[in-house]
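Novice: Sequence below, structure please.
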Amino acid sequence: MDKFQEMRVFVHVTEAGSFVAAANQLGFSKAAVSRYVSAMEHRLGVRLIHRTTRRLSLTQEGEIFLARCREILSRIEESEAEIVTQSDVAIGLLKVSIPVSFGIKHLTPLWGEFIATHPNVTLDIQLTDRVTDIVEEGFDLAVRIARLPDSSLVSRKLASTTLILCASPAYLAKHGEPQQPADLSQHQTLSYSLFTTGDQWSFTGPDGPAVVRVQPRLWSNNGDTCAAAAIAGNGIVLQPSFLVAEALGKGELVPLLPEYQCPTLDIYAVYPTRRFLLPKVRALIDFLSNKLKNQPWINPAWGTKPIM
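Specialist: Numbering: from 1, shown residues only. Coordinates of the predicted model:
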C-alpha cells in the first residue's frame, strides 16, 4: 500500500475520532480505512490505536507516529504548494476553526457563496471557542477574536468589534441604571467565562481607566447564553457588538455607561507560518476580509447615536 496514503488515513482517523467518520471525510469505505491502518501497524510491528466499541485512543507509539505523520504530510503539502501557487488555483480540503457564536451568526450565511465561487475547495468547518493549536491539530486557518499575543503564527485583521455593556429595560426598571463602573459590583451580572480578564471588567472613562470586579449570577462559556439571560431581564452583560447588535437595535437591550469606553477586540484570520501560502487559504482570507469589512455591527447605531 501507499505509505503516504496510510499516513493520511491514520491522521484522519485520529482527528475524526472514528473509522466511520474518517471514511466519510475521505470518501472511502470503513473497511478500506481499517485496512490502511492495520497494514501500517503490521508493517511497523506496533499497535498505534487502541480500539474499543466506544472510542479510539492512541498508544504511546501512536502519539509519536502521529506527530511525525503530520510533519511529513505538511512538508509534502508545502512542496506541492510551491508549484500550485504558481497557477493560483484554490483547490483541496480547507480545514477551518471558527468561534461558535460568531460563526453561526455571521459566517454561516457565507459558506455557500465561498464554495460556489471555489468549486475545487472542500470545507471542513469546526465550531469551537477553544483556542485550537492550528499546527498540531491540522487546521489551515482559524478565526480568532482577541488581542493576539506574540506567536509564530501569521495573522491578518478582518474586522473589529467593541464590547458593549448593556441590560434589558425590564432589569433597569427594577434595579436602576449604574452611573459608574464601580456600581456594577452591586448589580446582577452575567459573565462570559472565557474572558482572559475573568470577572474583572475594564473601562476607560473621563478620569482614565476603571476596573471593577463583578459578582456574576451566571457564568457561561457561550456569549449567546449570556445575552439571552440579559434579554430575559436577569442582569447586566458585557458582550461583543457582533453578538448584541440585533438586540440593541430592537430595544431588547439598552447600552449603559455612555461616558465610558469598553475594550475593542480585533477579528483575525490566523494561519501557520509558511513560505508559500496555499491558494485555498489566500482565497478564504480575501473572501472573509471582503465580506466582513462592512458588517452592521462594526459601526451600529440606534437612533442617531453610534454605539461605537
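Novice: Please count neighbours and contacts with C-alpha atoms only from this point.
Specialist: OK.
Novice: Please export the C-alpha coordinates of stretch 31-41 as CSV.
Specialist: Extracted C-alpha coordinates of stretch 31-41, given in CSV (Å, rounded to 0.1, in the frame of the first residue of the first chain):
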residue,chain,number,x,y,z
ALA,A,31,-13.3,-1.5,5.6
ALA,A,32,-10.7,0.3,3.4
VAL,A,33,-9.8,2.8,6.2
SER,A,34,-9.4,-0.1,8.6
ARG,A,35,-7.1,-2.0,6.1
TYR,A,36,-4.9,1.0,5.7
VAL,A,37,-4.4,1.4,9.5
SER,A,38,-3.9,-2.4,10.0
ALA,A,39,-1.4,-2.6,7.2
MET,A,40,0.6,0.2,8.7
GLU,A,41,0.6,-1.4,12.1
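Novice: can you give me how far it is from the chain middle?
Specialist: Mean-position distance between stretch 31-41 and its chain equals 33 Å (CA atoms, centre = their mean, to the nearest Å).
Novice: surely Q126 meets L94?
Specialist: No: Q126 is beyond contact range of L94, at 10.8 Å (criterion: CA atoms under 8 Å).
Novice: So if I had to pick from these two, which one is more boxed in?
Specialist: L94 (19 against 15; other CA atoms under 10 Å).
Novice: Distance-wise, check the nearest residue to Y268 once chain neighbours are set aside relative to N294.
Specialist: Of all residues not flanking Y268 in the chain, K157 sits nearest, at 4.4 Å (CA to CA, 6 or more residues apart in numbering). Separation of K157 from N294 (CA to CA, to the nearest Å): 14 Å.
Novice: Neighbour count for the two, which is higher?
Specialist: Of the pair K157 and N294, K157 is the one with more neighbours under other CA under 10 Å, namely 15 against 11.
Novice: quick check, the residue nearest to Y268 in a helix?
Specialist: No: K157: not assigned to a helix; according to DSSP: H, G, I helix; E, B strand; the rest coil it is strand.
Novice: my read: T161 touches C262, true?
Specialist: No: look at T161 against C262 with CA under 8 Å: they stay out of range, at 10.4 Å.
Novice: Show the backbone phi and psi for S220.
Specialist: phi -150, psi 150 (degrees, to the nearest 10).
Novice: how many other residues sit next to it?
Specialist: Using other CA under 10 Å: S220 sits among 13 other residues.
Novice: Now do the contacts for it.
Specialist: Residues near S220 by CA atoms under 8 Å, 6 or more residues apart in numbering: S191, Y192, S193, C226.
Novice: Out of the residues you listed, which comes closest to E41?
Specialist: Closest approach between the contacts of S220 and E41, by CA to CA: S193, at 42.6 Å.
Novice: quick one: contacts for the closest one?
Specialist: D199, W219, S220, N221, N222.
Novice: one more time with 6 Å, if that's ok
Specialist: Shown in contact with S193 (CA atoms under 6 Å, 6 or more residues apart in numbering): W219, S220, N221.
Novice: How about A167?
Specialist: Counted by CA under 6 Å, 6+ apart, A167 has contacts A230, I236, L253, V254.
Novice: Surely the third one touches A170?
Specialist: Looking back up the chat, that one is L253. No: assessed by CA atoms under 6 Å, L253 is found out of contact with A170, at 9.3 Å.
Novice: Compare the two (neighbour count), which wins?
Specialist: L253 (27 against 17).
Novice: And the more buried one, how far from G103?
Specialist: Counting by CA to CA - L253 and G103 are separated by 22 Å.
Novice: Measure how buried R55 is and give me the count.
Specialist: 9.
Novice: Now C262. Nearest residue, chain neighbours left out?
Specialist: Using CA to CA, 6+ apart, the closest residue to C262 is F203 (5.0 Å).
Novice: And the strands in the stretch 101-250 of the chain, which stretches?
Specialist: 121-127, 141-146, 154-167, 189-192, 200-205, 208-213, 216-220, 236-240 (DSSP state E, counting those that start in this stretch).
Novice: Now render the ones you listed as a markdown table, adding distance to H50.
Specialist: Shown next, in a markdown table, are the strands of the stretch 101-250 of the chain (distance: least, CA to CA, whole Å):
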| stretch | distance to H50 |
| --- | --- |
| strand 121-127 | 25 |
| strand 141-146 | 30 |
| strand 154-167 | 36 |
| strand 189-192 | 37 |
| strand 200-205 | 44 |
| strand 208-213 | 47 |
| strand 216-220 | 34 |
| strand 236-240 | 43 |
